[in-house]
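1. coords please:
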Amino acid sequence: MIVARQDRPAPFPGWRVVRAAFAVAVFGWGVGFYGPPVFLHALHESRGWPVGLVSAAVTLHFLLGALAVANLAALHRRFGVVAVTRAAGLAAACGFLGWALAREPWQLFAATPLTGFGWAGTGAAAINAMVAPWFVRLRPAALSTAYNGASVGGVLFSPLWVALIAWCGLAGAAALLGAAMALALWWLSGRCLGRLPAELGLAPDGDAPGGVTPPARARADAAPLAGSPPGSSPGSPWRDRRFLTLAAGASLGLFAQVGLLAHLLSLLAPAIGMRQAGFALGLATACAVLGRTATGWLLPPGADRRVASAAGYGVQLAGSLAFLAADGGAVLLLGVVLFGLGIGNATSLPPLIAQAEFRPADVARVVALATAAGQAGYAFAPALLGLVRDTAEAALPGGGAVALFAAVAAIQVAAMVVMLRGRPGAVPAE
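-> Next up, the predicted model:
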C-alpha cells in the first residue's frame, strides 16, 4: 500500500531571525553593555586610575554609540544589516582589546569610537531593525524573545568576564571574548539576517501573502492607543508630546539603570566579594529574562504599554530602596532581584509603545531617535553618578554608596512620572 506523502509547510523564517537576533543580543550586551562595568573595576584596581576617569571613558563609549545609533537606519539602508552587524562585531572586539591593553588614559579614550560603534550595531535599535520587518501582530512576543538575549548575555558574561580575567588577565579575556563575538556575528549575520519577508514571498507573522489579518487582533496589537490620532505621523518628533515623553521617560529610566549597573559590581564586591558580585550581576539579568518574558507574552492586547513601562520602573525603584536599607546579604539579594526584574522591560517596552502610538512607516524612525536620545542621556550616567559617589565618599567615608542609590531612586521616580505624562488624556505639564 502506497501512502501519499504530505508536505509539511515550512516553518516561518521570522523565528529563525528572532533566534539570530537573540544571539546577537547575547554578545552585544554581554560585551558592549555588561563589559564596561567590569573594565571600570579592573582598570581602577590594576592601573590605579580614579573611578571618575574610567567612568568618563564608559560615558564616552555610550555617547559615541548614541551618535552611531542616530544614523543606524541610514547605515542599514546603505550597507545592509549584514554588513553593519559584521562591522560592529569586529569593532567591538578591537575596541575592548584596546581598553584592556591601555597603559595611559588617552589610549583608553582612543579606543572608545570602536567600542561605541560596536555597541550601537548590536544594541536595542539594531535588534528592533532585525526583528520588526518580520512581525506586526506578534511583535511584542518576538521582540521580548530577541531582547532576552540581552539578559542571557548578562547572566553568562558578567561572571565569565570575572573568571577569564582571573585566569588569563584582562587582555586575554578581552581577546577571547572579542574573537568569539566577531566570529559568531559574522556567521550569524550572513546566514540569517540577509533577507526580508517580501523577498521570500512571505507576509509578516507567517500570514499568507495577501491574506487578511484578523480584524480584532490587528486592532488590538497594531493600532494606536485610544486617544492618539489613528495613523498620525510625528512630523518633527522633537515637537511631538508623545515622542518627547517616550524619549524622556525611557532616557531617565535607562540613566538610572545604566548608572547603577556601571557601579554595582564595585559597590557589591567589598561587601560580598568579587566572585559573588559577578554572580549577583548574573542574577539580576536572569531576573530580567523573567520580567521581560512575562511582559512580552502576558501583556493583554490593547493594554496601555506606558503603564506597564512605569510599573517596571516602580519595581526597580523598590530595588534601589532595598539597596539603601541593606544591612546584610539577604536584603542586598532582594535589591538585586527587584532591580533585575525591570531591566529587560526598560529596553523592550519603548519600541512597543512606539508601535502602538505611531504609524507603521514612522515606527523605525521613532525607535531609532528615541534609542539615540536615551543612549545620549545614559552615556553620562556612569560619570555623573561616579562624581556623586566620589564626592559623597570624600565628605563621609562610606557615604558614596548611599548617595548613589538615593540618586538612582529619585531618577526612577522621575521616569515613572514622565512616562505616564504621555498617556492619552494625561494633562500636559504647564
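2. residue 353 and residue 293, how far apart?
-> In this view, residue 353 and residue 293 are 18 Å apart by CB to CB, to the nearest Å. To be clear about C-beta, it is placed using only N, CA and C from the backbone, and glycine gets the same treatment.
3. so between these two, which is more surrounded?
-> residue 353 (25 against 18; other CB atoms under 10 Å).
4. contact partners for residue 402?
-> Residue 402 makes contacts with 324, 392, as judged by CB atoms under 8 Å, 6 or more residues apart in numbering.
5. may I see the buried residues of the host helix or strand of it?
-> Element membership for residue 402, per DSSP states H and E: helix 399-421. For helix 399-421, the neighbour count (16 or more other CB atoms under 10 Å) marks 400-401, 403-409, 411-412, 414-416, 418-421 as buried.
6. tell me how far the closest residue to residue 172 other than its chain neighbours lies from residue 273.
-> With sequence-adjacent residues excluded and distances taken as CB to CB, 6 or more residues apart in numbering, residue 172 is closest to residue 164, at 6.8 Å. Distance, residue 164 to residue 273, using CB to CB: 17 Å.
7. again with residue 18
-> 37 Å.
8. which strands or helices does the helix or strand containing residue 243 pack on?
-> Per DSSP H and E, residue 243 falls inside helix 241-272. Contact partners of helix 241-272 among helices and strands, from 3 or more CB pairs under 8 Å, 6 or more residues apart in numbering; DSSP states H and E: helix 35-47, helix 51-70, helix 274-298, helix 305-325, helix 329-357, helix 360-378, helix 381-395, helix 399-421.
9. quick one: those helices as a markdown table, columns for distance to residue 137 too.
-> Formatted as a markdown table, those follow (distance: least, CB to CB, whole Å):
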| stretch | distance to residue 137 |
| --- | --- |
| helix 35-47 | 35 |
| helix 51-70 | 27 |
| helix 274-298 | 13 |
| helix 305-325 | 15 |
| helix 329-357 | 10 |
| helix 360-378 | 12 |
| helix 381-395 | 35 |
| helix 399-421 | 24 |
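10. residue 135 is nearest to which of the ones you listed?
-> Nearest to residue 135 among those is helix 329-357 (9.9 Å), distances taken as CB to CB.
11. and the closest one, what's buried?
-> Quick answer for helix 329-357 (16+ other CB under 10 Å): 332, 334-357.
12. now do that helix: distance to the chain's middle.
-> Centre-to-centre, helix 329-357 and its host chain are 10 Å apart (CA atoms, centre = their mean, to the nearest Å).
13. kindly report the same for stretch 316-335.
-> Worked out by CA atoms, centre = their mean, stretch 316-335 lies 23 Å from the chain centre.
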